[in-house]
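Engineer: A predicted structure for the sequence below; I have some questions about it.
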Amino acid sequence: MAVGILALQGAFAEHAAVLDKLGVPHFEIRQKRDLDQPMNGLIIPGGESTVMNKLLRELDLYDTLRERIQSGLPVFGTCAGLILLAKQIDGGIPCFSVMDIRVKRNAYGRQLGSFFTDDRFGGSERIPMTFIRAPYIESVGNNVEVLSVVDSNIVAAQQDNMLVTAFHPELDMDLTVHQHFIRMVEQFRLKNAG
Ligand SMILES: NC(=O)CC[C@H](N)C(=O)O
């Protein structure tokens with residue numbers, strides 16, 4: 001199996017390092033022909049969502065990736081990746097527009113742009129959470145499961161094959177969130193093989 005990591009911009013190398021630790025094969029997606037190889041999961045990293053949105057269209061990656069996500073490909077979006085998956089962005093234009101969440105960009109203001117805390121993810125123990133000019137999720141549809149709440153704001157959620165975090169688990173040592181995503185990838189792979 002292999003996980004594709006969108007590598008146009010932002011923190012893609014850090015996700016690759018976590019997958020290495022977990023022994024999960026991965027490859028970078030930089031251009032359309034990178035999508036020719038088998039892909040069992042997709043990671044959309046943090047970075048700058050407006051830049052990634054523009055590049056996805058310029059490089060003609062947008063339609064193929066959107067179709068695959070809609071057909072059930074497991075996808076994990078961190079920070080800017082969360083913004084790209086959202087159906088609604090407060091004061092902004094959605095990109096993939098596939099996940100039933102409403103998102104506020106740069107939600108913590110300039111002064112509090114980056115901070116660190118720890119809290120629960122789903123049923124887990126407290127895990128480290130690094131936020132960098134992060135969004136949060138203002139509201140979710142009925143079909144979305146809330147996985148983390150920090151200061152009354154939703155910062156991790158899942159809808160079927162789509163997992164998002166407003167924080168950056170790839171920047172901390174804890175593997176909980178990536179392990180959760182790899183379980184989603186395994187389930188999808190087994191379902192498709194059977
Ligand atoms: N760390 C991040 O990914 C920041 C996201 C960025 N503020 C955006 O709007 O795209």
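Structural biologist: Sure, I can see it.
Engineer: Next up, the contacts around the residue nearest the centre of the chain.
Structural biologist: The residue lying closest to the centre of the chain (CA atoms, centre = their mean) is Gly77, at 0.7 Å. Applying CB atoms under 8 Å, 6 or more residues apart in numbering, we find Gly77 in contact with Ile43, Ile44, Ile83, Leu84, Leu85, Met162, Leu163, Val164, Thr165. Any C-beta I mention is one placed from the backbone N, CA and C, and that applies to glycine too.
Engineer: burial measure for Thr176, as a count.
Structural biologist: 17 (other CB atoms under 10 Å).
Engineer: follow-up on the earlier one: which of the contacts of Gly77 has the most neighbours?
Structural biologist: Within the contacts of Gly77, most neighbours by other CB under 10 Å means Ile44, with 32 neighbours.
Engineer: element containing the closest residue to that one other than its chain neighbours?
Structural biologist: The spatially closest residue to Ile44, leaving aside those adjacent along the chain, is Gly81, at 3.2 Å (CB to CB, 6 or more residues apart in numbering). Using DSSP states H and E, the element containing Gly81 is helix 80-85.
Engineer: Which neighbouring elements make contact with that helix?
Structural biologist: Helix 80-85 is packed against strand 41-44, helix 49-58, strand 75-78, strand 99-104, strand 162-165, with contacts defined by 3 or more CB pairs under 8 Å, 6 or more residues apart in numbering; DSSP states H and E.
Engineer: Just put these in a markdown table and tack on mean pLDDT and distance to the ligand.
Structural biologist: Shown next, in a markdown table, are the helices and strands packed on helix 80-85 (pLDDT from 0 to 100; distance: least, CB to the nearest ligand atom, whole Å):
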| stretch | mean pLDDT | distance to the ligand |
| --- | --- | --- |
| strand 41-44 | 98 | 10 |
| helix 49-58 | 98 | 3 |
| strand 75-78 | 98 | 7 |
| strand 99-104 | 98 | 9 |
| strand 162-165 | 98 | 10 |
